[in-house]
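> Need coordinates for the following:
(one chain, ligands or ions: 1)
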Amino acid sequence: MQSEKAVGIVSTGKALPVGRLTNFDLEHLVETSDKWIRERTGIEERRILSPGETNSGLSLTAAKIALERACLKPRDIDLILVATVTPDMIFPSTACLIQSELNAFNAAAFDLAAGCTGFLYGLCVAEQFIKTGAMKNILLVGADTLSPVIDWQDRNTCVLFGDGAGAVVIREVERDRGLLVSKLFSDGSKAGLLYVPAGGSRAPATFRTVEERMHYVKMNGPEIFKFAVTVMVDSTKKILDLCDKKPEDLDFLIPHQANVRIIKAASKRLRLKPEQVLVNIQRYGNMSSASIPVVLDEALEEGKIKTGDLIAMVSFGAGLTWGAALLKW
Ligand code: ACO
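I've put the predicted structure just below:
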């Protein structure tokens with residue numbers, strides 16, 4: 001009997017808007033302070049779209065880098081998957097928009113919406129297509145541009161988010177490497193903790209929806225905070241247990257970058273050392289589904305991650321969704 005294929009990430013790329021918005025800039029927009037934002041979130045600045053920059057534009061740039069590093073041509077790609085909750089348009093998908101720019105016409109293309117957990121959902125979907133033998137090379141992009149749907153008058157949310165895109169190429173890898181195990185979860189009964197009320201088919205844009213600021217993110221921050229710490233710890237433990245590993249076996253944890261206090265609280269409960277936990281939130285804020293692939297790309301560029309390293313990725317987000325994956329690099 002043929003054994004299961006091993007599936008892994010073989011290259012990465014990222015793209016960030018040029019515009020930086022610092023905490024000091026935000027002091028001029030809402031009643032806040034650099035001190036409050038740094039102490040309560042760990043964020044110092046974030047990248048924000050400028051006119052002309054788009055989700056698909058960032059996705060395309062990140063994708064081109066990942067493809068080049070994987071030594072693949074666009075025609076080699078079987079599937080383009082973009083994890084995003086902030087596509088350029090309701091339809092067509094951002095994946096189709098970048099397919100056209102790439103000339104990757106042998107690929108199927110679709111978007112996947114799982115909030116900030118989108119990248120991990122995408123990783124697991126891609127794994128299935130490769131394991132069955134249906135596909136060989138998959139381009140997965142985690143891209144979110146939340147700045148156009150953030151209420152820049154709401155200090156509870158506008159200080160938290162940034163825009164960006166991270167891309168990876170996923171394919172078969174050597175045995176005993178790549179994705180070892182993953183677990184995905186969701187609880188739709190908590191959808192009301194983080195959502196954008198209007199702009200979909202339930203409440204299409206009208207003068208009233210605009211006046212009532214219904215096209216912006218609404219969030220119950222403290223509830224999500226408590227939820228996030230619990231599920232990040234539980235799901236990380238679950239994937240480690242499934243592989244008979246312990247937190248101390250991890251070379252790196254790549255957590256979703258939503259708030260440094262969430263990351264610290266979860267890391268403490270997992271008894272991880274600070275050097276095991278990769279953090280870049282200070283420079284980018286919460287980039288939703290782009291956060292994990294951008295941390296991964298930076299850690300690889302800095303030479304932190306080495307072949308054979310054991311890496312856990314864990315995330316939570318709108319839905320609510322959450323999940324974790326364990327990889328041997
Ligand atoms: N500047 C100054 N004061 C502020 C700010 C700000 N930017 N934002 C909130 N405050 C105030 C509040 O109004 C409140 O004042 P009050 O006591 O007078 O009412 C006070 O600070 C404390 O507010 P809390 O909500 O208790 O602050 P908390 O410590 O919980 O931090 C935060 C708020 C940062 C939002 C935190 O709850 C958090 O990070 N939650 C998780 C959010 C998250 O991860 N969301 C993304 C999910 S992932 C995805 O799918 C996109």
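> ok now stretch 93-107, how far from the chain's centre?
20 Å (Cα atoms, centre = their mean, to the nearest Å).
> Report the backbone C-alpha coordinates of the strand or helix carrying residue 238 in PDB.
Under the assignment given by DSSP states H and E, the secondary-structure element containing residue 238 is helix 221-242. The C-alpha trace of helix 221-242 is given here as PDB (Å, rounded to 0.1, in the frame of the first residue of the first chain):
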ATOM      1  CA  GLY A 221     -12.500  43.300  22.300                       C
ATOM      2  CA  PRO A 222     -12.500  42.000  25.900                       C
ATOM      3  CA  GLU A 223     -14.600  38.900  25.000                       C
ATOM      4  CA  ILE A 224     -12.400  38.100  22.100                       C
ATOM      5  CA  PHE A 225      -9.300  38.600  24.300                       C
ATOM      6  CA  LYS A 226     -10.500  35.900  26.800                       C
ATOM      7  CA  PHE A 227     -11.600  33.500  24.100                       C
ATOM      8  CA  ALA A 228      -8.300  33.900  22.200                       C
ATOM      9  CA  VAL A 229      -6.100  33.000  25.100                       C
ATOM     10  CA  THR A 230      -8.100  29.900  25.900                       C
ATOM     11  CA  VAL A 231      -8.300  28.600  22.300                       C
ATOM     12  CA  MET A 232      -4.700  29.300  21.400                       C
ATOM     13  CA  VAL A 233      -3.500  27.300  24.400                       C
ATOM     14  CA  ASP A 234      -6.000  24.500  23.900                       C
ATOM     15  CA  SER A 235      -5.500  24.100  20.200                       C
ATOM     16  CA  THR A 236      -1.700  24.200  20.500                       C
ATOM     17  CA  LYS A 237      -1.800  21.500  23.200                       C
ATOM     18  CA  LYS A 238      -4.100  19.400  21.000                       C
ATOM     19  CA  ILE A 239      -1.800  19.400  18.000                       C
ATOM     20  CA  LEU A 240       1.300  18.700  20.200                       C
ATOM     21  CA  ASP A 241      -0.600  15.800  21.900                       C
ATOM     22  CA  LEU A 242      -1.500  14.300  18.600                       C
END
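> hmm, it touching the ligand?
Yes. Contact between helix 221-242 and the ligand is present through 221-222, 224-225, 228 (criterion: Cβ under 6 Å from any ligand atom). Any C-beta I mention is one placed from the backbone N, CA and C, and that applies to glycine too.
> Close to the ligand: what parts of this structure are there?
Taking Cβ under 6 Å from any ligand atom as the criterion, the neighbours of the ligand within the chain are 32, 36-37, 40-41, 115-116, 155-156, 159, 194, 219, 221-222, 224-225, 228, 258-259, 286, 288, 317-318.
> Kindly give a single ChimeraX line that selects the buried subset of those residues.
If you want just the buried ones from these in ChimeraX, going by 16 or more other Cβ atoms under 10 Å, the selection is:
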select :32,37,41,115,116,155,159,194,219,224,228,258,259,286,288,317,318
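> So which of the residues of the chain next to the ligand are in strands?
194, 219, 317 (DSSP state E).
> Out of those, which is nearest to the ligand?
For those, the minimum distance to the ligand (Cβ to the nearest ligand atom) is 2.9 Å, reached by residue 317.
> Quick check: pLDDT value at the closest one.
According to the predicted model, the pLDDT of residue 317 comes to 97.
> what bridges to it?
residue 321 (DSSP bridges).
> Noted, bye for now.
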